[in-house]
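**Q** model this:
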Amino acid sequence: IVYFEYKNPIFCKAKKIRVHPSNPCHPCAYIISPIQIVIELFLFAMNNLYITHSEIYEMMYQTFINYDEEYVYYNDKLKKYNAGSVFELGCGTGNLANRFITNGFNYTGLDLNKAMLDIAERKTPEAEFMEADMRIFTLPEKKQACIIAARTISYLMTYNDVMMHFIQ
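**A** Numbers count the residues shown, from 1 in each chain. Next up is the predicted model:
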């Protein structure tokens with residue numbers, strides 16, 4: 001397996017185009033370090049865990065995260081800025097989605113894992129969900145606010161991941 005990463009993951013000055021980090025054919029690509037390979041393998045293993053055990057994840061997270069309290073925190077911030085639409089990155093099984101919908105928000109959740117999104121859609125069919133990588137995605141319509149929980153941002157393992165995520 002050959003892994004590639006861009007010297008500049010956002011913009012290739014030579015070609016004057018935005019580049020995608022999974023394109024190994026781009027001339028700005030080079031082989032990544034062993035630690036980056038370990039990170040990629042970790043992310044692969046975590047995603048596989050979510051695919052095969054998404055129902056267990058759903059039950060487990062209900063036991064130690066107070067989603068009502070978390071929703072109140074986000075709601076206070078969003079109301080302060082009169083935001084009526086919210087986009088959640090790394091929504092998982094949609095534990096916040098129903099709370100936002102019930103309280104009148106236009107909600108869209110994004111997650112990389114289809115098995116997690118299947119649970120989210122089953123729990124809150126009136127919400128909109130997208131399957132995509134939070135580092136590279138296209139939002140179909142603008143939202144007034146974007147949230148990402150600390151437990152989700154921890155999946156942005158490299159500096160380039162963080163930069164690609166927040167540049168959007």
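**Q** Which stretches in this protein count as strands?
**A** 4-6, 11-12, 17-18, 29-31, 85-89, 106-111, 128-131, 145-148 (DSSP state E).
**Q** contacting residues around stretch 124-132?
**A** The list of residues contacting stretch 124-132 from outside it, by Cβ atoms under 8 Å, 6 or more residues apart in numbering, reads 91, 94, 97-98, 100-101, 107-114, 117, 120-121, 137-138, 140. No exception for glycine: its C-beta is placed from N, CA and C like everyone else's.
**Q** Run through who's touching stretch 66-77.
**A** 86, 95, 96, 99, 100, 103, 145, 147, 149.
**Q** Of those, which is the nearest to residue 59?
**A** residue 95 (11.5 Å; Cβ to Cβ).
**Q** Counting neighbours, what do you get for the closest one?
**A** 23 (other Cβ atoms under 10 Å).
**Q** Tell me the spacing between it and residue 140.
**A** 23 Å (Cβ to Cβ, to the nearest Å).
**Q** try residue 80
**A** Per Cβ to Cβ, residue 80 is found 26 Å from residue 140.
**Q** Kindly report the same for residue 38.
**A** Counting by Cβ to Cβ, the separation of residue 38 from residue 140 is 35 Å.
**Q** Tell me how many other residues surround the residue lying closest to residue 123 once chain neighbours are set aside.
**A** Closest residue to residue 123 apart from its sequence neighbours, by Cβ to Cβ, 6 or more residues apart in numbering: residue 94 at 5.4 Å. By other Cβ under 10 Å, 26 other residues sit near residue 94.
**Q** now residue 119
**A** Neighbour count of residue 119, defined by other Cβ under 10 Å: 18.
**Q** List the contacts of it.
**A** 54, 55, 58, 93, 94.
**Q** one more time with 6 Å, if that's ok
**A** 54, 58, 93 (Cβ atoms under 6 Å, 6 or more residues apart in numbering).
**Q** Please apply the same query to residue 63.
**A** Residue 63 neighbours (Cβ under 6 Å, 6+ apart): none.
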